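In: Structure for this input, please:
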Amino acid sequence: MGTEKRVETRTEIAKVLGVEDRKVQVVLRDCPFHPSGGGQPGDTGTLRGENFQAKVRDAEKRKDGVTLTLALTEGEPRVDMVVEVVVDWERHDALSRMHTAQHLFSRLQENAHEGLATLKVNIGVDESVIHVRYNGDLTWDSLFETEEKTLTILRDNLPVETFFTSREEAEKIPELKAKWERIHDESIRVVRVPGVDATACSGTHATRTGQVGGFLVTGFNGSAPDWEVRFTVSQEERTREYSRVMRRLLRSVGCRPDQVEEVFVRQRSENAALRQVLGKVRSYVSIPWEVREAGGRPLYLALLPGLTKELVSVPARACVEEHPNAFCLALMPGNDSLFPFVLLRGAQAPVDLSEFLKRFPELEARGGGKPDGLNGVTSQRVPSAWIACLDRA
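Out: All right, here's what the predicted structure looks like:
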């Protein structure tokens, strides 16, 4: 797999399962498309026949056989039509390499953490996800260690064996991973890397571990017992991308690579403490409101350079509570092109502000809120522009 040249093949359409809105499903007499399964999506490609062309969007194993979902681009398929079949082998190989890497990494993770179980996987072309059940804590250190072990197996270029055997014989294979409750066939497809892993799997795989390329854990999320780990086999490309981000960050922060996490944790702690202080202070903030008119109602307006929404929101809410027939607008311009704003209305001002920003794109603002108030960021610092929109609201 991977390097040999695949030739286009010709076959016939055996079944047409329906045409609706330029989408159709067909079954071929000889189908080179590998169906979805084991967390891996089905193959894609194209079909071409006389006055007919379609893109193959998916392949699934069904009772009628391997069923292809098509997006028609010319004509319609018919039974016995001879078609030229083109599989997207580049995508097929990318998925095969991803799936092989996932088998290795998952097995090594399970070996390293007692009680850890792989629940399901989502194999992708650029990045894949492993969903894990584990009552302990996953850490970057443990993931890095398993990542290195995976890379060692890839460098060893071990064989990846794929074979069919009976259910009875499969159950005798030492440490075979299989979800027996989901397997109803008597013939079991086994993917095995001798001495490392054996799994009952319907997906496609490399023929040697060295064909996978690289391996890089790109992230993980969750908490005990539900975790997900993301990875890619495009190690060199993704490492270069992350390296560029890190180098920019180090330039901004001004520290060594091994100090970045410590600096981040400290800054996060300091920001949390500052937010607590601001929460206590904002109830004492007094805003120098300027009273104008908008939409036939009083508008309490303030330009507050450099302040934050968090600091302004409480006195702004107090303003419309004291003046229920009024609007309240606070603009907080700074050095950036986009800056915060807060727009509120009193209970007696029957204007729905929830759609205000969509109705008036000239404000160049984005944000969210409710009918009685919204906040976000804008580049429109001219109060008269806001007044004109409130006049039309």
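In: how far does the worst-scoring helix or strand of the chain on mean pLDDT sit from the chain's center?
Out: When each helix and strand of the chain is scored by mean pLDDT, DSSP states H and E, helix 260-281 comes last, with a mean of 85. Between the mean C-alpha location of helix 260-281 and the chain-wide mean there is a distance of 28 Å, by C-alpha atoms, centre = their mean, to the nearest Å.
In: then that helix to CSV, C-alphas only?
Out: Extracted in CSV, the C-alpha atoms of helix 260-281 (Å, rounded to 0.1, in the frame of the first residue of the first chain):
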residue,chain,number,x,y,z
VAL,A,260,6.1,28.6,29.2
GLU,A,261,3.7,26.4,31.1
GLU,A,262,4.9,27.9,34.4
VAL,A,263,4.4,31.5,33.1
PHE,A,264,1.0,30.6,31.7
VAL,A,265,-0.2,29.1,35.0
ARG,A,266,1.0,32.1,36.9
GLN,A,267,-0.7,34.5,34.6
ARG,A,268,-3.9,32.6,34.7
SER,A,269,-3.8,32.7,38.5
GLU,A,270,-3.1,36.4,38.5
ASN,A,271,-6.0,37.1,36.1
ALA,A,272,-8.4,35.1,38.2
ALA,A,273,-7.4,37.2,41.3
LEU,A,274,-7.8,40.4,39.2
ARG,A,275,-11.3,39.3,38.1
GLN,A,276,-12.3,38.8,41.7
VAL,A,277,-11.1,42.3,42.6
LEU,A,278,-12.9,43.8,39.6
GLY,A,279,-16.1,42.0,40.7
LYS,A,280,-15.9,43.8,44.0
VAL,A,281,-14.9,47.2,42.6
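In: outside of whichever helix or strand comes after it, which residues touch it?
Out: Secondary structure here is assigned by DSSP states H and E; on that basis, the next helix or strand after helix 260-281 toward the C-terminus is strand 290-294. Where contact means C-beta atoms under 8 Å, 6 or more residues apart in numbering, the residues beyond strand 290-294 that reach it are 298, 299, 300, 301, 302, 327, 329, 383, 386, 387, 390, 391. Placement of C-beta: from N, CA and C, glycine included.
In: list the helices and strands whatever helix or strand the third one lives in packs on?
Out: With elements taken from DSSP H and E, the one containing residue 300 is strand 297-303. Using 3 or more C-beta pairs under 8 Å, 6 or more residues apart in numbering; DSSP states H and E as the contact test, the elements touching strand 297-303 are strand 290-294, helix 309-322, strand 327-331, helix 383-392.
In: what are the ranges of the strands in the stretch 151-300 of the chain?
Out: 161-166, 187-193, 197-200, 216-223, 226-232, 290-294, 297-303 (DSSP state E, counting those that start in this stretch).
In: What are the buried residues along the strand holding residue 300?
Out: 297, 298, 299, 300, 301, 302 (16 or more other C-beta atoms under 10 Å).
In: tell me the angle of that strand relative to helix 309-322?
Out: With axes from the mean of the first three to the mean of the last three C-alpha atoms, to 10 degrees applied, the angle from strand 297-303 to helix 309-322 works out at 160 degrees.
In: Strand 297-303 pairs with which strands, and in what direction?
Out: In the sheet, strand 297-303 lines up against strand 290-294 (antiparallel), strand 327-331 (parallel) (DSSP bridges).
In: Tell me which of these approaches residue 129 most closely.
Out: Proximity of these to residue 129 was assessed by C-beta to C-beta; the nearest stretch is strand 327-331, lying at 42.5 Å.
In: Give me the distance between the closest one and the centre of its chain.
Out: Here the centre of strand 327-331 is set off from its chain's centre by 37 Å, with C-alpha atoms, centre = their mean.
In: Need the contact partners of it.
Out: Residues lying outside strand 327-331 but in contact with it, judged by C-beta under 8 Å, 6+ apart, are 287, 289, 294-295, 297-304, 312, 316, 319-320, 339, 341-346, 349, 351, 378, 381, 383, 386, 390.
In: Just want the angle from the helix or strand following that strand to helix 383-392.
Out: Following the chain from strand 327-331 toward its C-terminal end, the next helix or strand by DSSP H and E is strand 339-345. Between the direction of strand 339-345 and that of helix 383-392, the angle (the same axes, to 10 degrees) works out to 30 degrees.
In: okay, strand 339-345 in CSV with CA atoms only?
Out: Listed in CSV are the C-alpha atoms of strand 339-345, where the atom choice follows Å, rounded to 0.1, in the frame of the first residue of the first chain:
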residue,chain,number,x,y,z
PHE,A,339,-13.2,47.5,21.0
PRO,A,340,-15.9,46.6,23.6
PHE,A,341,-19.4,48.1,23.7
VAL,A,342,-22.5,47.7,25.9
LEU,A,343,-26.0,48.6,24.7
LEU,A,344,-29.0,48.3,27.1
ARG,A,345,-32.6,49.4,27.2
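In: So for that strand, mean pLDDT?
Out: Averaging pLDDT along strand 339-345 gives 95.
In: who does it pair up with?
Out: According to DSSP bridges, strand 339-345 forms sheet pairs with strand 327-331 (antiparallel), strand 373-378 (antiparallel).
In: Please name every helix or strand in contact with the helix or strand following it.
Out: Elements were assigned by DSSP H and E; along the chain past strand 339-345, the next helix or strand is helix 356-359. Contact here means 3+ C-beta pairs under 8 Å, 6+ apart; on that basis helix 356-359 packs against strand 365-370, strand 373-378.
In: ok, back up a step: helices and strands around the least confident helix or strand of the chain, which ones?
Out: Checking 3+ C-beta pairs under 8 Å, 6+ apart, helix 260-281 ends up next to helix 235-253, helix 309-322.
In: Would you mark the buried spots in the strand or helix carrying residue 102?
Out: Following DSSP H and E, one finds residue 102 within helix 89-112. Within helix 89-112, the residues scored as buried using 16+ other C-beta under 10 Å are 89, 92-110.
In: Residue 119 is in contact with residue 110, correct?
Out: No - Residue 110 is beyond contact range of residue 119, at 11.6 Å (criterion: C-beta atoms under 8 Å).
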